[in-house]
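Chemist: Got a predicted structure plus its sequence, pasted below:
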Amino acid sequence: MMYVLFVNAFIAGVFTLSLARWQFAVTTVFHFLFVPLTIGLGLLVAVLQTAAYRTKDEAYERATRFFGKLFLVNFAIGVVTGIVQEFQFGMDWSRYSVFVGNIFGAPLAIEGLLAFFMESTFLGVWIFGRGRVSNRVHLASIWLASLGTILSAAFIVAANSWMQHPVGYTIDPVSHQAVMNNFWAVMTNSTFLLAYGHVLFSAFLTGSVFMLAVSAWHVRRGHDAAAFAKSIRIAIVVTMVASVGTIFLGDSQAKQMEVQQPMKMAAAEALYTTSSGASFSLLTIGDLAGNPVFQVRVSHLLSVLATNTWNGKVDGINNIQAAAAKKYGAGSYIPVIWILYWSFRVMVGLGFLLLALGAIGLWLMKKRRLETSNVYLRFATWMALAPFIANSVGWIFTEVGRQPWVVYGLLKTSNAVTLIAPGYVAASFIGFTAIYTLLAIVEIGLLIRLARVPTPLTEGALAPEPELIY
Amino acid sequence: MLLLALAPSGLEKLWFALIGVLWLGYFFLEGFDFGVGILVPFVSRDDTDRRVAINTIGPVWDGNEVWLLTAGGATFAAFPLWYATVFSGFYLALLVILAALIFRGMAFEMRHRRDDDAWRRWWDRALFWGSALPALLWGVAFADFVHGVPVGANATWTGTFFDLVKPYALVGGLATLSLFTLHGAAYLALKADGDVRERASAIAARLAPLSFVVVTAFLAWTYLSARSMHHEGLVPPLLPILGLGALAAVTWLTREHLEGWAFVATAVSIVALFTTLLLNLYPNVLVSSISPAYDITIVSSASHPYTLTVMSWVALIFTPLVLAYQSWTYWIFRRRIRRPGEASATTLAPPTG
């Protein structure tokens, strides 16, 4: 009897864990499709509006309003899916919440107080304030809203970085909770500083590639040439700068990862045995368990990536597993290799593709052939998808690569989940997936629809603000 | 058990108070947002009326909702065990609230984006249910905190969804539903103009007595059950009486067209009701219906003093700033919303975009 009960509880636990992980994956990836666009587009709209304010050129004003509308539609979905993010820690991951609340909760609370109030309040002023506040205050409101989104990313990435690389804490001997003893250490975590830069640049990149893609579509059709000529140029410059920043910081993160989470780096390369002067495989066909059928390899590249030296030693999965088992006790400390291997390659590949997008765009601008280069404009429109895929696989890489830990070295994911019947989690997993699918259809449909409407951009006819906004 | 014997420290008391203030702010502010969302179909004859009603909260609803996010984050940081137990225990109720808030938030930004009646009708439904369900369920949840839910040893949840929807909690839910709707009617009467304002006033005058009865019943039940359980009774009895007094005055204030005062009265009754519940809860944060020994208290659930100290400084510096700019937006948007053309002679421009 006891045995049956135990087995039932075990099966229930396994189901609850899988469902909770799937729910977190679905809701978080979905949330983070829209958040980087909010951060990036918010900044770009602020830049456009500043140009309009400074130059009094109405083309900038039309571009501001056009992209401002897309920004707002996208902002709304980031907000509503963000509420779920904050509460599902308590719902599905209550043992995690108790363990980390002292440390992880603080950035979340501060994020609300410092960032969310700022972005929501000033966005309200921005949407409804045209004509009611001065142009200067109206311009300040979009900058403050944008600053709010940038600040909010800081706190949430700081919280995540603590999970990747815990600092500034002790473990309470009685309650077994992680207890903060140095807030400054948490907010200056080396993992956080690099990750925040990487996330921020990739968010700007998302915004700029989106603006570039939409502008290119209109440029190709000759819609409002004055306005879209301006927005496409700003977008190309930002794409160039942001892709370089993203790649540079991502590379620094790889070196840091080799020190802080060597397993993640080894798994990204499916490197089983420790090697010096390790080569990097661009592509593997066959299995990743060390028996490839076909491979394209670049010699020494992995050593350079991970250690910045030609013949640097990169630890292999087998060694790291043995060391981890000795340190933390028996068990597997190897994440799902194929996810890491491919997500890493897709992310890096798309990063360089976007760098090319920016570079070719700059070159065409210099040659004054941007507007006539149909191939580039078509390519640019299709590249709208790239940053969204890269953002998603980037986070999948980071989070899956930390497994089996939820807090690296301190708490395993299997010990973090709420002890609750799987039926509840199934209900919420199915519910959120259904709601989010519906939202995605409505949202993406509306965004595409609004992105294709050139009407508010007819030259010399800036529509007056309606008396009722909503 | 050892922890229960300890008296709460000043920091723990402070953070219970601050989280209480965040919840009060949330219910005071989003209370009228919910009310407006519920009342849109009842104060409108056409789409322009609906837009007038929605525009009264247009610039502020999102900022109001941040009070909830901050309350949630602060609870997570200051009382992790409270956060973890409540949010995992109230699982399905919270799921409904989250789904409702998702659809409601989308409705504001979506409904005017397409000139299509069917599209708008769907978002109007989302706005109504997205406002009504949380207005009901937050009352249920707070009633459950006070009245007790099946929490066992080590804060483990042993109940099911049906333990949350006991009669007392349902009366609590009806109390907040009626109170928020009334609050929304008072807000609309204050912020809208023309027919919408008239209809909102009429609804406020008629709804106030009903709300008074429900809230009185809820407070009376709270008082009686608190007496029979392990509490002395309602701590300062002045508060609930003040709240009920304010509620009793709403009909008269509305009839006299003292719309500002009617809104103050509904605000006072909301603040009085939730303060009563929170004071009655103290020093617990979640009462166990199994045994007082399993009650989760501010001492047993609190974070360490270091975290609380850091957060106190952050709150001390930034809360006044947030209050200042949020109040400023209410000042900017202080004008009543009217149908386009009602004051001037122009006709309504079609919704752009």
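Modeler: Yes, it's here.
Chemist: Give me the below-cutoff pLDDT ranges for the stretch 251-400 of chain A.
Modeler: When residues are selected by pLDDT under 70, those of the stretch 251-400 of chain A lie in A:286, A:289-293.
Chemist: just the helices in it please.
Modeler: Using DSSP state H, counting those that start in this stretch, the helices found in the stretch 251-400 of chain A span residues A:262-269, A:301-307, A:317-328, A:337-366, A:374-382, A:385-401.
Chemist: Chain B too?
Modeler: B:10-43, B:47-57, B:61-78, B:80-89, B:91-110, B:117-147, B:167-191, B:195-228, B:238-255, B:259-281, B:298-301, B:305-332 (DSSP state H).
Chemist: quick one: the residue lying closest to residue A:168 once chain neighbours are set aside from chain B, how far?
Modeler: Leaving out its chain neighbours, the residue that sits closest to residue A:168 by C-beta to C-beta, 6 or more residues apart in numbering or on different chains is residue A:185, at 3.2 Å. C-beta coordinates here come from the backbone N, C-alpha and C atoms, glycine included. Taking C-beta to the nearest C-beta, to the nearest Å as the measure, residue A:185 falls 12 Å from chain B.
Chemist: related to what we said a few turns ago, I'd like to know which of the helices of the stretch 251-400 of chain A is closest to chain B.
Modeler: helix A:385-401 (19.5 Å; C-beta to the nearest C-beta).
Chemist: give me the number of residues near the closest residue to residue B:131 other than its chain neighbours?
Modeler: Nearest residue to residue B:131 in three dimensions, chain neighbours excluded: residue B:37, at 2.8 Å (C-beta to C-beta, 6+ apart). Using other C-beta atoms under 10 Å in any protein chain shown, residue B:37 has 31 other residues around it.
Chemist: Show the contacting residues for residue A:57.
Modeler: A:51, A:230 (C-beta atoms under 8 Å, 6 or more residues apart in numbering or on different chains).
Chemist: returning to that earlier point: need the helices of the stretch 251-400 of chain A in JSON lines (columns: distance to residue A:165).
Modeler: Converted to JSON lines, the helices of the stretch 251-400 of chain A look like this (distance: least, C-beta to C-beta, whole Å):
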{"stretch": "helix A:262-269", "distance to residue A:165": "11"}
{"stretch": "helix A:301-307", "distance to residue A:165": "16"}
{"stretch": "helix A:317-328", "distance to residue A:165": "16"}
{"stretch": "helix A:337-366", "distance to residue A:165": "18"}
{"stretch": "helix A:374-382", "distance to residue A:165": "37"}
{"stretch": "helix A:385-401", "distance to residue A:165": "11"}
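Chemist: Of the ones you listed, flag the one that's most buried.
Modeler: helix A:262-269 (a mean of 26; mean count of other C-beta atoms under 10 Å in any protein chain shown).
Chemist: Give me the residues contacting that one.
Modeler: Outside helix A:262-269, the residues within contact range by C-beta under 8 Å, 6+ apart are A:254, A:257-258, A:272, A:278, A:280-281, A:302, A:306, A:314-317, A:320-321, A:324, A:333-335, A:337, A:340-341, A:344, A:397-398, A:401-402.
Chemist: give me that answer again for 7 Å
Modeler: Under the contact criterion C-beta atoms under 7 Å, 6 or more residues apart in numbering or on different chains, helix A:262-269 has outside partners A:254, A:257-258, A:280-281, A:302, A:306, A:314-317, A:320, A:333-335, A:337, A:340-341, A:344, A:401-402.
Chemist: Remind me what the longest helix seen in chain A packs against, helices and strands.
Modeler: Longest helix in chain A by number of residues, with DSSP H as the criterion: helix A:2-55. Counting contacts by 3 or more C-beta pairs under 7 Å, 6 or more residues apart in numbering or on different chains; DSSP states H and E, helix A:2-55 packs against helix A:58-92, helix A:135-164, helix A:190-221, helix A:225-260, helix A:385-401, helix A:422-452.
Chemist: Let me have those helices in TSV, extended by distance to chain B.
Modeler: Converted to TSV, those look like this (distance: least, C-beta to the nearest C-beta, whole Å):
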stretch	distance to chain B
helix A:58-92	3
helix A:135-164	9
helix A:190-221	15
helix A:225-260	16
helix A:385-401	20
helix A:422-452	5
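Chemist: And for the residue minimising distance to the centre of chain A, nearest residue in space, chain neighbours not counted?
Modeler: For chain A, the residue nearest the mean C-alpha position is residue A:391 (4.5 Å; C-alpha atoms, centre = their mean). Of all residues not flanking residue A:391 in the chain, residue A:36 sits nearest, at 5.4 Å (C-beta to C-beta, 6+ apart).
Chemist: Might one say that residue B:134 is in contact with residue B:101?
Modeler: Yes - using C-beta atoms under 7 Å, residue B:134 is in contact with residue B:101, at 6.3 Å.
Chemist: out of the two, which sits in the more crowded spot?
Modeler: Just comparing residue B:134 and residue B:101: by other C-beta under 10 Å the higher neighbour count belongs to residue B:134, 26 against 22.
Chemist: Show the contacting residues for that one.
Modeler: Counted by C-beta under 7 Å, 6+ apart, residue B:134 has contacts B:34, B:97, B:100, B:101.
Chemist: For residue B:69, give its distance to chain A.
Modeler: From residue B:69 to chain A the distance is 5 Å (C-beta to the nearest C-beta).
Chemist: Okay, that residue and residue B:276: tell me how far apart.
Modeler: As judged by C-beta to C-beta, to the nearest Å, residue B:69 and residue B:276 stand 25 Å apart.
Chemist: residues touching residue A:246, list them.
Modeler: Contacts of residue A:246 by C-beta under 7 Å, 6+ apart are A:198, A:201, A:202, A:205, A:351.
Chemist: So what's the residue count around the nearest residue to it once chain neighbours are set aside?
Modeler: Of all residues not flanking residue A:246 in the chain, residue A:201 sits nearest, at 4.2 Å (C-beta to C-beta, 6+ apart). For residue A:201, the neighbour count with other C-beta under 10 Å is 21.
Chemist: cool, and residue A:252?
Modeler: 16.
Chemist: didn't residue A:357 look like it was pressed against residue A:242?
Modeler: No - using C-beta under 7 Å, residue A:357 makes no contact with residue A:242, being 11.0 Å away.
Chemist: on that earlier part again, contact partners for the residue nearest to residue B:131?
Modeler: Residue B:37 makes contacts with B:104, B:127, B:128, B:130, B:131, as judged by C-beta under 7 Å, 6+ apart.
Chemist: for residue B:183, same thing?
Modeler: Residue B:183 sits next to B:31, B:32, B:35, B:266, B:267, B:270 when contact means C-beta under 7 Å, 6+ apart.
Chemist: Of these, just say which sits nearest to chain A.
Modeler: Closest to chain A, out of all of the contacts of residue B:183 and judged by C-beta to the nearest C-beta, is residue B:32, at 15.1 Å.
Chemist: Now the closest one. Nearest residue, chain neighbours left out?
Modeler: For residue B:32, ignoring the flanking residues on the chain, the nearest one in space by C-beta to C-beta, 6+ apart is residue B:187 at 3.9 Å.
Chemist: Near the residue nearest to residue A:391, how many other residues are there?
Modeler: There are 26 residues near residue A:36, going by other C-beta under 10 Å.
Chemist: Now do the same contact list for it.
Modeler: Contacts of residue A:36 (C-beta under 7 Å, 6+ apart): A:202, A:203, A:206, A:391.
Chemist: next one: residue A:79
Modeler: B:62, B:105.
Chemist: Likewise for residue A:435?
Modeler: B:99, B:102.
Chemist: 6 Å - rerun?
Modeler: residue B:99 (C-beta atoms under 6 Å, 6 or more residues apart in numbering or on different chains).
Chemist: gap between it and residue A:392?
Modeler: 19 Å.
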